[in-house]
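Peer 1: What shape does this take:
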Amino acid sequence: MPSPQPEFPISGAQGLIGYEVALDRQAGRAEVILDIMPHHLNRNESLHGGILAMMLDSAAGFAASLSFGGDPLARVVTVSLTTQFVAAVQAGRVVATGNVAGGGRRITYADAEMRDAAGTLIAKASGVFKRVS
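Peer 2: Have a look, this model is predicted:
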């Protein structure tokens, strides 16, 4: 995966949480990367589920954007996102990787999974994304 590059403006949510995005246009894959900090943790001292879901949504959404081709990056909105939380993580780096599963001219289906630095599956998601003008 290439190193994170500023191909697009950083969203407010991305700025608030502090994750990075890396796109592989040739493979149609996106990565959302976060180094876990104390303010990312829930009261159980593990990465908050809302942040997990946000990162999975972003990874799948960026992959969906890539599936439409072109430059600048196509804009999409999430129609549906189903998330499964598999394991807790308390520290270190996590990476959510998004890939397109199929779709058409306006709707695309993308999956994402998050793993920790050791490769342990933390969470996964499947989403439906719609291209917007």
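
Peer 1: next SSE after the lengthiest helix in the chain?
Peer 2: Across the chain, the helix with the greatest residue count (assigned by DSSP state H) is helix 49-67. Next along the chain after helix 49-67, taking DSSP states H and E as the criterion, comes strand 75-85.

Peer 1: Return the distance of that following strand from the chain's centre.
Peer 2: Relative to the centre of its chain, strand 75-85 is centred 10 Å away, using Cα atoms, centre = their mean, to the nearest Å.

Peer 1: partner strands of that strand, parallel or antiparallel?
Peer 2: Strand 75-85 has the following strand partners under DSSP bridges: strand 121-132 (antiparallel).

Peer 1: in the host helix or strand of A96, what's buried?
Peer 2: Assigned by DSSP H and E, A96 belongs to strand 93-103. For strand 93-103, the neighbour count (16 or more other Cβ atoms under 10 Å) marks 94-100, 103 as buried. C-betas here are computed from N, CA, C, even on glycine.

Peer 1: try stretch 24-37
Peer 2: Neighbour counts over stretch 24-37 (16+ other Cβ under 10 Å) mark 28-34, 36 as buried.

Peer 1: quick revisit: so the strand holding A96 versus helix 49-67, what angle?
Peer 2: With axes from the mean of the first three to the mean of the last three Cα atoms, to 10 degrees defining the directions, strand 93-103 sits at 50 degrees from helix 49-67.
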